[in-house]
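> Here is a sequence together with a model predicted from it:
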Amino acid sequence: MAAKGNDLFLIARNNDGLSEAAKEIMASSDVKVEYFACDLTAADSTRKIAEKLKSKKVNILVNNAGIGDYANFVDADLNKLDSMMQLNIVALVDLSHLLVPNMLRVKDAKILNVASTAAFFPGPRMAVYYASKAFVLSFSQALSFELRDTNVKVTVLCPGPTATKFDEVARASKSSFFRNPASLASAEQVVAYAIKSMENGELISIPGGWMQKLMLQAPRILPRKSIAGLVARIQNRH
C-alpha cells in the first residue's frame with residue numbers, strides 16, 4: 001500500500017513491532033506512517049481507534065487482523081474462542097460501522113475485508129474459525145450491496161493457506177493444509193492479488209489458479225452432509 005503512495009495508520013498489539021515496521025516503510029517509501037498499539041480483542045479498542053482517526057481522511061480500510069485455533073470444539077479453550085470471535089467478527093464489524101460514515105465523504109473509498117477459502121466450508125477442528133470467515137464473506141457481500149450506489153466499494157479477500165505465522169499461532173501446523181511450506185502462497189503474492197482486486201472493484205477476490213477456484217465449488221456440487229467430513233479428512237491427512 002505504501003508503494004502506491006498511501007499514508008498508513010497501522011494497528012496491532014506489539015508497539016515495538018509497529019515502530020520497526022513504520023521505520024522500515026518510511027525508509028523505503030515517501031509516505032507518512034502512524035501507528036497505534038492496541039488489542040483488538042478488547043471491547044473498547046475500536047472506539048479508541050475511531051477517536052484517533054476522526055480528524056483524518058480514511059479512504060481505505062483493511063480489516064486484516066484474525067486468529068484461528070486447531071482443536072476439536074469441546075477441547076478448545078473457550079477464552080480463546082471468545083477472543084477469536086471478538087477479533088475476526090466483532091472488531092471488523094465495529095471498525096466498518098465506525099469508519100464508513102466518514103468514508104462516505106471521501107471521493108473514492110474502499111474496504112478490504114480478509115476472509116479465507118475457509119469461508120466456503122464447515123471446518124471440523126477449526127469450527128469457530130471457519131464459521132467466523134463465513135461471517136466475513138456474508139457480511140461483506142451484504143455491505144457491498146447496501147453501499148452499491150455510494151463511493152465506498154467493498155472487496156472480500158478469500159486466500160487459501162499462506163506462508164505467514166498463522167499456522168504457528170493457530171497450532172495448525174499439523175493440518176495437511178500447512179504441512180508442506182513450499183506449497184503455500186507467499187504473503188507478497190496474496191497481497192498483490194488482493195490490492196489488484198480491490199483497485200478493480202471486485203467483490204470477491206480468490207488468489208490462486210483454476211484448481212483453487214474449482215475446489216470452492218465443492219459445497220455446491222457435493223451433498224451438504226459430506227462436506228464437513230471431506231474437510232476433516234483433508235485436515236488430518238498424513
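That came in fine, so what should we check first? Numbering: from 1, shown residues only.
> pretty sure residue 8 is touching residue 18, no?
No - under the criterion of CB atoms under 8 Å, residue 8 makes no contact with residue 18, lying 10.5 Å away. Using the backbone N, CA and C atoms, a C-beta is placed for each residue, glycine as well.
> Buried residues, stretch 84-100. List them.
84-96, 98-100 (16 or more other CB atoms under 10 Å).
> Can I get the longest helix along the chain as PDB, trimmed to CA atoms?
Longest helix in the chain by number of residues (criterion: DSSP state H): helix 127-146. Provided in PDB are the C-alpha atoms of helix 127-146 (Å, rounded to 0.1, in the frame of the first residue of the first chain):
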ATOM      1  CA  ALA A 127     -15.100 -24.900  13.600                       C
ATOM      2  CA  VAL A 128     -15.300 -21.400  15.000                       C
ATOM      3  CA  TYR A 129     -12.500 -20.000  12.700                       C
ATOM      4  CA  TYR A 130     -14.200 -21.400   9.600                       C
ATOM      5  CA  ALA A 131     -17.600 -20.000  10.800                       C
ATOM      6  CA  SER A 132     -16.100 -16.600  11.500                       C
ATOM      7  CA  LYS A 133     -14.700 -16.400   8.000                       C
ATOM      8  CA  ALA A 134     -18.100 -17.400   6.600                       C
ATOM      9  CA  PHE A 135     -19.500 -14.400   8.500                       C
ATOM     10  CA  VAL A 136     -16.900 -12.100   7.000                       C
ATOM     11  CA  LEU A 137     -17.800 -13.200   3.500                       C
ATOM     12  CA  SER A 138     -21.600 -12.900   4.000                       C
ATOM     13  CA  PHE A 139     -21.300  -9.600   5.800                       C
ATOM     14  CA  SER A 140     -19.000  -8.200   3.100                       C
ATOM     15  CA  GLN A 141     -21.400  -9.200   0.300                       C
ATOM     16  CA  ALA A 142     -24.300  -7.600   2.100                       C
ATOM     17  CA  LEU A 143     -22.400  -4.400   2.900                       C
ATOM     18  CA  SER A 144     -21.300  -4.200  -0.700                       C
ATOM     19  CA  PHE A 145     -24.900  -4.300  -1.800                       C
ATOM     20  CA  GLU A 146     -26.000  -1.600   0.600                       C
END
